[in-house]
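Asks: give me the fold of what follows.
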Amino acid sequence: MSFKVQIKKKLRKNLFFFNIILFLYKLVNFPKNLFKKFKSLSIKKKAFQEYERNSGILKINYAGYDLKFKAISAKNYYHLITGSQNEHLFFKKLFNKISDGMVVYDIGGHVGMYTLPFAKIVGKNGKVFVFEPDKNGYEAIKVNLDLNNIENVKLFDCAMSDKSDLAEFFLRPDKDTHSLFEETLAPSKTGAQKKINVQSYTIDDLILRKLAPPPNFIKIDTEGAELKILNGIKKNYSSLNYIFIEIHPNALKLENILNPEEKVEEKLKEIGFNKFEYYDNIHLLAMKGD
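Replies: Residues are numbered from 1 along each chain as shown. Here you go, the predicted structure:
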């Protein structure tokens with residue numbers, strides 16, 4: 001566990017003291033964050049101009065693979081360049097855990113930012129199963145797979161959760177915060193929110209129904225549904241050695257989970273994981289080891 005995460009866990013035992021320290025931390029880092037904000041705005045402006053000029057087509061290298069993407073918006077174009085959470089900074093390190101012939105689940109595929117490099121790395125002997133309930137994201141992944149002549153991916157327009165059933169799924173048109181939860185701390189600026197019904201599966205049930213084989217690697221980015229998905233794993237699969245999770249602390253707090261990192265780690269330990277590596281404050285790679 002990272003030093004920052006350890007400190008956060010200890011401080012959260014006293015929420016009043018934690019909030020004071022958090023305020024002071026933000027105050028001290030204000031000049032640095034302001035500079036980053038201006039730099040980010042400059043990159044965003046350039047990305048938005050490129051999006052219009054290139055009709056949304058972006059060429060980028062992820063983990064050593066030259067890939068093409070058709071962005072679904074100028075904002076998405078910008079995120080593909082920078083990573084919505086700066087994922088590009090650790091892509092190579094993460095993808096070193098994946099090898100030819102692996103079975104990978106990409107849960108929360110969005111437009112395929114992870115899907116495409118996953119597919120390239122596992123090769124013809126491997127397979128990627130990607131889950132994206134949002135129609136725009138689902139269609140974007142299909143387009144991006146075609147752009148890169150990728151054929152070893154199976155795409156599902158369903159959600160993964162803690163039960164297999166019809167589930168309510170909430171879409172926010174100008175945000176990337178579509179989720180299984182009606183409440184969000186990142187609502188649409190227009191106030192718009194659309195509810196649809198989607199099929200959901202547990203990972204156990206997906207495997208039991210032979211819709212997909214047991215995975216070697218799972219990636220989860222689901223705007224707060226990470227614990228629901230982990231609760232859908234009751235078995236300790238011998239083939240499953242890695243789970244990579246983007247933890248959404250604010251979304252989990254809406255579910256009254258005050259120590260999200262600790263709860264996620266506890267659940268991972270229940271299903272056989274005992275080594276944890278934080279790539280930053282919210283990206284966690286869980287591994288099995290002696």
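
Asks: tell me the phi and psi of Phe129?
Replies: phi -110, psi 120 (degrees, to the nearest 10).

Asks: per-residue pLDDT, the residue nearest to it when sequence neighbours are not counted?
Replies: Nearest residue to Phe129, sequence neighbours excluded (C-beta to C-beta, 6 or more residues apart in numbering): Ala212, at 4.6 Å. Every C-beta, even on glycine, is put in place using the N, C-alpha and C of the backbone. Note for Ala212: predicted pLDDT of 98.

Asks: what's the following helix or strand after the helix or strand hosting Glu266?
Replies: Applying DSSP states H and E as the criterion places Glu266 in helix 260-270. Note on helix 260-270: by DSSP H and E, the next helix or strand toward the C-terminus is strand 275-278.

Asks: low-confidence bits of the stretch 51-200 of the chain, can you list those?
Replies: Applying pLDDT under 70 to the stretch 51-200 of the chain flags residues 84, 185.

Asks: C-alpha coordinates for the helix holding Glu266, CSV please?
Replies: Extracted in CSV, the C-alpha atoms of helix 260-270 (Å, rounded to 0.1, in the frame of the first residue of the first chain):
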residue,chain,number,x,y,z
PRO,A,260,-13.0,2.8,0.3
GLU,A,261,-9.4,1.6,-0.1
GLU,A,262,-9.6,-0.5,3.1
LYS,A,263,-12.9,-2.1,2.1
VAL,A,264,-11.7,-2.9,-1.4
GLU,A,265,-8.5,-4.5,0.0
GLU,A,266,-10.6,-6.5,2.5
LYS,A,267,-12.8,-7.9,-0.3
LEU,A,268,-9.8,-8.7,-2.5
LYS,A,269,-8.2,-10.7,0.4
GLU,A,270,-11.4,-12.7,0.7
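
Asks: elements contacting it?
Replies: Where contact means 3 or more C-beta pairs under 8 Å, 6 or more residues apart in numbering; DSSP states H and E, helix 260-270 is packed against helix 3-11, helix 226-231, helix 249-253, strand 283-287.

Asks: rank the ones you listed by pLDDT, which is bottom?
Replies: helix 3-11 (a mean of 59).

Asks: returning to that earlier point: the helix holding Glu266 to strand 283-287, inter-axis angle?
Replies: Using axes from the mean of the first three to the mean of the last three C-alpha atoms, to 10 degrees, the inter-axis angle of helix 260-270 relative to strand 283-287 is 20 degrees.

Asks: all strands of the protein, in order?
Replies: 57-62, 65-70, 103-107, 127-131, 153-156, 159-160, 165-171, 194-201, 217-220, 242-246, 275-278, 283-287 (DSSP state E).

Asks: the closest residue to Leu116 other than its chain neighbours and Pro117, how far apart?
Replies: Closest residue in space to Leu116, ignoring its immediate chain neighbours: Leu67 at 5.1 Å, by C-beta to C-beta, 6+ apart. Separation of Leu67 from Pro117 (C-beta to C-beta, to the nearest Å): 7 Å.
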